[in-house]
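Predicted model and sequence follow; I will ask about them next.
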Amino acid sequence: MSPTPLERHREVNTSREAVEEVSREVEHRGVEFIYYQIVSVTGRVIGKVVPAKHLSRNLDKGVNLHRTAICDLMGDRNGGDLFGGGAYAAEFTAMPDIDTFQVLPWDTSVGRFLCQVYEPDHLPEVGGEHLATDSRGNLKRAHAQFQARTGLRMKTGCEPEMTWSGPGTQVRFALGSSPAYHIENLELMRPVYQKVIRYAQAMGLDMIEADYEDPGQVEMNWMFDDADLTADRLITYRSICKQVARELGLEASFMPKPSTGQMGNGCHHNLSLWDGDVNVLEEPNRRSCT
C-alpha cells in the first residue's frame, strides 16, 4: 500500500537533517513558543501555540483542530449548523511545512510554521488524505500539478491596499484633488510604513515600494515570486500589519469597503508564466514587472 499524503509529509518533517536544522534555529534564537498556523477558507490565520520543547513531536504528529475551524466556526442560515462538518465532525491534522519556520521579529521568543491540513489517520477510507477545504494546500498542489503538466511556473505579485485608522492617519485635501502619492501624506504614516517594512524584511519579504493612496490608505509591495510563495507572504504581511496596528494604537483593515464615503481596499494580482528564466508572456521590447 502506498503511503498517504500525510505519511509522506511526516517523512519529510522527521528526516534527521530537517529536524536538526530547525532545532538548531529554535535553540540559537531562544524560541520558547511556536505558532502552528493554518489559513482558513476566508483567509484568516488560525492555529495553536505550543511550547518549543515539543518541536520534535509536532513535526511528527502535527496539531489537531476541530474541522469547522477551517470555516471560522461559522454557521449556516438553517439553524446555525457549523460549516465543515458540524459539531460532531472529526478533527483535522495540521502538519507544519518545515521550510516555513520563522521567528517573529517583534517577539523573538515566538516562532511560527505554516501548515498543510489532512484528514486524521484514524478515519476509514479518507484517513491521511488532503483536507478538501485546505485553501493553502490546494494552491500548492494546483501549482505543482500545473508545473508538471506544462513545464511552466506561475509567478504572481500582488498590490495589497489597506486602511489605517486612528490618530495621525487622516489628511485634508482640496476639493476636486486627491491625496494620493503625496510625500507629505507618507510622512504622516512614517511610523506605520517603517515598522511594517522592517518587520516584513525580517520575515523574508523583499519589500520594493509603498505609496499613500487615499485618506488612511497605504499600499506596500514586495517582489513577485511563485504563486504559492506570494500567497504565503500575503498572509504574513497581513499578520505584520495587525501587529504594527496594535503597537501604534491604530486599526488596520483589509476590508473591501471599510466605511461609507471612503475608498475601498483592493488587491490586484499580476500573473506571469515562466519557462526557466524566461517570462513567456512578456511582450517583445517591453520590460515587465512580473
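Structure received. It should be emphasised that the depicted structure is a prediction, and the values quoted were computed from it without experimental measurement.

only C-alpha atoms for contact and neighbour calcs from this point on.
Noted.

where along this protein do the helices fall?
5-13, 16-29, 55-61, 135-150, 183-188, 190-202, 227-248 (DSSP state H).

Return the member of those having the minimum mean pLDDT.
Note on the helices of the chain: helix 183-188 shows the lowest mean pLDDT, a mean of 89.

Show me what that helix is packed against.
strand 207-214 (3 or more CA pairs under 8 Å, 6 or more residues apart in numbering; DSSP states H and E).

what does the strand it packs on rub up against?
Contact partners of strand 207-214, identified using CA atoms under 8 Å, 6 or more residues apart in numbering, comprise 178-183, 185-186, 193, 197, 200-201, 218-223, 263.

Quick check on those: which are buried?
For those, a burial check counting by 16 or more other CA atoms under 10 Å picks out 179-180, 185-186, 193, 197, 200, 218-222, 263.

Who are the contact partners of the residue lying closest to Gly80 once chain neighbours are set aside?
Leaving aside its sequence neighbours, Gly80 sits nearest to Met74 (CA to CA, 6 or more residues apart in numbering; 7.9 Å). Residues in contact with Met74 (CA under 8 Å, 6+ apart) are 68, 80, 82-83.

and those, which two are the farthest apart?
Among the contacts of Met74, the pair separated by the greatest distance (CA to CA) is Thr68 and Gly80, at 12.4 Å.

of the two, who's got more company?
Applying other CA atoms under 10 Å to Thr68 and Gly80 shows that Thr68 carries more neighbours, namely 23 against 10.

Give me the distance between that one and Asp134.
Per CA to CA, to the nearest Å, Thr68 is found 12 Å from Asp134.

Next: Trp106.
From Trp106 to Asp134 the distance is 28 Å (CA to CA).

For those two, indicate the residue with more neighbours.
Using other CA under 10 Å as the criterion, Trp106 and Asp134 rank with Asp134 on top: 20 against 14.

is the nearest residue to that one once chain neighbours are set aside in a bridge, and if so with what?
Spatially, and ignoring its direct neighbours in sequence, Asp134 is nearest to Val117 (5.9 Å; CA to CA, 6+ apart). Counting by DSSP bridges, Val117 is bridged to Ala94.

Run a quick neighbour tally on Ala18.
Ala18 has 14 nearby residues by other CA under 10 Å.

Was I right to think it contacts Ile98?
Yes. The pair Ala18 / Ile98 is scored as a contact, 7.4 Å apart, by CA atoms under 8 Å.

Report the contact partners of the residue nearest to Asp134.
Counted by CA under 8 Å, 6+ apart, Val117 has contacts 38, 92-95, 130-131, 134, 137.
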